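> Turn this into a structure:
(chains A, B, C and D)
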Number of protein chains: 2
Amino acid sequence: MSWAPCAAQTPNAYVADCPTRVVLDRISDKWAVLILGLLAESPMRFNQLLRTIQGISQKMLSKTLKNLERDGFVTRTVAPTVPVTVEYAITDLGRTLAATVDPLRLWAQTHFDAVLDAQRRYDASAAGTA
Amino acid sequence: MSWAPCAAQTPNAYVADCPTRVVLDRISDKWAVLILGLLAESPMRFNQLLRTIQGISQKMLSKTLKNLERDGFVTRTVAPTVPVTVEYAITDLGRTLAATVDPLRLWAQTHFDAVLDAQRRYDASAAGTA
DNA sequence: CAGAATCCTCTCTGATACTG
DNA sequence: CAGTATCAGAGAGGATTCTG
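Prediction:
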């Protein structure tokens, strides 16, 4: 709902770029990338993720996992043990996404200081402006 | 405020990865990537961007540009013409970010169908589950 | 263990009106 | 032209409670 940018009819390729927005929206999920990264290392169970991430609510974990599963990035496997056991694992598709997002992590680490510097400069001059 | 994941003390590298989150949060700004992409092609003025993007509100454009400027991704240049003219341009830092995000665009375009397929399958089976 | 359902708050965002 | 200020609605997300 409300895919405004998709309706834009400008000749610019970036504007009408819907698939990109879909992906970016998933990436922007505060926890999605984090979970994907964890699952890329090894499959995990629900409460295991809940404990590992620590800061995520049960609701958000549930919701995020559901989204990731829906997009085909992770699989959900239920083992009919006594207290039911559910394991989440990354898919091949999810793995390619994780691999694509990874450079962003490196960029962030590399340019983090530059960004912080820019912010400090901006805030300093903005203080005088206001 | 509320940087929960930063507070997590797990041994996993992904969890405490703050710079990544900062970058992802900026990327997740619905319009930030779009604007950055436009400015990467050529500098633009405020209303020019407003008209080009078409679907963004003036408020969001203003806010997003301010954020991008604060992070050092774009510059804001005021020309003291009769009705004041403001030009926004991408910086070198912004350009490296745009370049890093670009693979994500390609990934999105390449795997968009796979994601849609996964969603359809999920929705179909979910219908039976519910 | 692995969630679903409920409540409630707080932010994001759009629409509208005003300014230099 | 290039914004800022204000109001109001929608939705994200946390805390808590309950279930199979």
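
> residues from chain A in reach of DNA strand C?
A:4, A:45-48, A:58-59, A:62, A:65-66, A:76, A:83-88 (CB under 7 Å from any atom of the strand). For the C-beta atoms, the positions are set from N, CA and C on the backbone; glycine is no exception.

> of those residues, buried ones?
In the residues of chain A next to DNA strand C, burial by neighbour count holds for A:Phe46, A:Leu65, A:Tyr88, counting by 16 or more other CB atoms under 10 Å in any protein chain shown.

> now, among those, which is nearest to chain B?
Within those, distances to chain B taken as CB to the nearest CB reach their minimum at A:Leu65, with 12.1 Å.

> Chain A: strands as residue ranges?
Assigned strands in chain A, in chain order: A:44-45, A:74-79, A:85-90 (criterion: DSSP state E).

> Name every strand pairing with the shortest one and say which way it goes.
The strands that strand A:44-45 pairs with in its sheet are strand A:85-90 (antiparallel) (by DSSP bridges).

> Who's the closest spatial neighbour of A:Pro103, skipping the chain neighbours?
Nearest non-adjacent residue to A:Pro103, counting by CB to CB, 6 or more residues apart in numbering or on different chains: B:Thr100, 5.5 Å away.

> tell me the pLDDT at the one you found?
Note on B:Thr100: pLDDT of 94.

> ok, it touching A:Val101?
No: the criterion here is CB atoms under 8 Å, and B:Thr100 misses it with A:Val101 at 10.2 Å.

> So for these two, which sits in the more crowded spot?
Using other CB atoms under 10 Å in any protein chain shown as the criterion, B:Thr100 and A:Val101 rank with A:Val101 on top: 22 against 19.

> ok, now how distant is the more buried one from DNA strand C?
20 Å (CB to the nearest atom of the strand, to the nearest Å).

> Name all residues that make contact with that residue.
Counting by CB atoms under 8 Å, 6 or more residues apart in numbering or on different chains, A:Val101 touches A:Ile27, A:Val33, A:Leu36, B:Leu104.
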